[in-house]
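> how would this look folded up:
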Amino acid sequence: MSKKGRILVAMSGGIDSTVAAVMLAEEGYEVVGITMKTWDYQNSGGSKKETGCCSLDSINDARAIAVQYGIHHLILDIRDEFGDFVIDNFIEEYLAGRTPNPCVLCNTHIKWEALLKRANQLDCEFIATGHYAQIRQENNRYVISRGLDHHKDQSYVLWGLSQESLARTKFPLGGFHKTDIKQMAIDRGFTELAAKSESYEICFVPDNDYRGFLKRKVEGLEEKVNGGNFVNKEGKVLGKHRGYPFYTVGQRKGLEIALGEPMFVLEIQPQTNTVVLGREEDLQRNGMWVRNLNLQKYGQIISPMESLTKVRYKDAGTNANIVEVDGRMKVDFHSLVKGIAPGQSAVFYEGNDVIGGGWIQSSFDI
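Modelled structure (predicted):
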């Protein structure tokens, strides 16, 4: 046993998880690498070659690096767990007229659970990933804060992790910039890895065509929903659309309707197969309700407090007052926010710290 103990590291074959594993090994941990197979892209009926964290190339890359550093390496097949939960939820959310956030769901309910289960079996005290985020303990609670590199910060996708999970998690890259990590890879001879392009697509939709994915996975979907109405805010019919699941709040491109000015999706009404369109300024709201809360920094919020609230991953955030009301968070923004999409994650920050987050239920105007 090493002087720092044993740690289980999720290794995807990419630069971030590779450097995280190597850093921990160099710090004196006994590293056990694990690569999770979550999805076979050919099962979706897509035509693009399998790429990303679940591809054979990535698995082989992770194993080769583990062997080079004397790291014990395992491959974990969680396709059944992943498919039943994450992909079913992805489909259900679109059919409910919402825009899903599968990466958050996967982190919270699949990857961390799988990692901790195997960590227990392998006598590993901690688990680690290559996320750009930081963890500390304060007032007997574990708190996630933004990674030092705000351009790469991934704290937004980690709001769902429990205190029990955070107590056993390490993020070795949180205190570094991406340029530092690339240089570390080059210094250790991983030149090809440092030059490897990063994928920002959903792992099980690598062609980035979620509409095609839905059509292939839900038998007869296109025939069932085709021909619904586009309407304006007043309910006037503007034309026909291809089916409500194929649109998202805030969408402008691909509407295939000419109205003489740019129009955006304001609302999706699945019960009547209706898609509401309006101008860009009509997307702006100054409030929302957030459900299924997970509060990390504080156990509860009794009175309104101010937070910087993000409604999507690349959102810079907007100042707001937040208060818990009957298990939900009422969010009153200080300025208008555009394109609040039900189904997406809302994450609340106090400075760089994650207060917590939840799923956007609905937006409103005060």
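
> residues of stretch 121-139 that come out buried?
Neighbour-count burial for stretch 121-139, with 16 or more other Cβ atoms under 10 Å as criterion, is recorded at C124, F126, I127, A128, T129, G130, H131, Y132, A133, Q134, I135. Glycine gets a C-beta too; all of them are placed from N, C-alpha and C.

> mind saving the C-alpha coords of it as CSV?
Output of stretch 121-139 as CSV, limited to C-alpha atoms (Å, rounded to 0.1, in the frame of the first residue of the first chain):
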residue,chain,number,x,y,z
GLN,A,121,-15.0,-3.4,-3.8
LEU,A,122,-11.3,-2.5,-4.6
ASP,A,123,-10.6,-1.0,-1.1
CYS,A,124,-10.1,2.5,-2.6
GLU,A,125,-10.8,5.3,-0.1
PHE,A,126,-11.2,8.0,-2.8
ILE,A,127,-12.3,8.4,-6.4
ALA,A,128,-11.0,11.0,-8.8
THR,A,129,-11.9,12.4,-12.2
GLY,A,130,-10.5,14.9,-14.7
HIS,A,131,-13.1,17.6,-14.1
TYR,A,132,-12.1,21.2,-13.8
ALA,A,133,-13.6,22.0,-10.4
GLN,A,134,-12.5,22.2,-6.8
ILE,A,135,-13.7,20.7,-3.5
ARG,A,136,-13.2,21.8,0.1
GLN,A,137,-14.8,21.2,3.4
GLU,A,138,-16.4,24.0,5.3
ASN,A,139,-18.7,24.0,8.3
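
> on that earlier part again, dump the buried residues of stretch 121-139 to JSON lines, plus pLDDT.
Compiled in JSON lines, those are given as follows (pLDDT from 0 to 100):
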{"residue": "C124", "pLDDT": "97"}
{"residue": "F126", "pLDDT": "97"}
{"residue": "I127", "pLDDT": "98"}
{"residue": "A128", "pLDDT": "97"}
{"residue": "T129", "pLDDT": "97"}
{"residue": "G130", "pLDDT": "96"}
{"residue": "H131", "pLDDT": "97"}
{"residue": "Y132", "pLDDT": "98"}
{"residue": "A133", "pLDDT": "98"}
{"residue": "Q134", "pLDDT": "98"}
{"residue": "I135", "pLDDT": "98"}
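
> in helices only, show me those.
If you go by DSSP state H, these have nothing in helices.

> quick check, central residue of the chain?
With distances taken as Cα atoms, centre = their mean, C103 lies nearest the centre of the chain, 3.2 Å away.

> does that one touch I202 like I think?
Yes - between C103 and I202 there is a contact under Cβ atoms under 8 Å: 7.3 Å.

> neighbours of the residue nearest to Q300 when sequence neighbours are not counted, how many?
Leaving aside its chain neighbours, Q300 sits nearest to E324 (6.4 Å; criterion: Cβ to Cβ, 6 or more residues apart in numbering). Look at E324: counted by other Cβ atoms under 10 Å, it has 17 neighbours.
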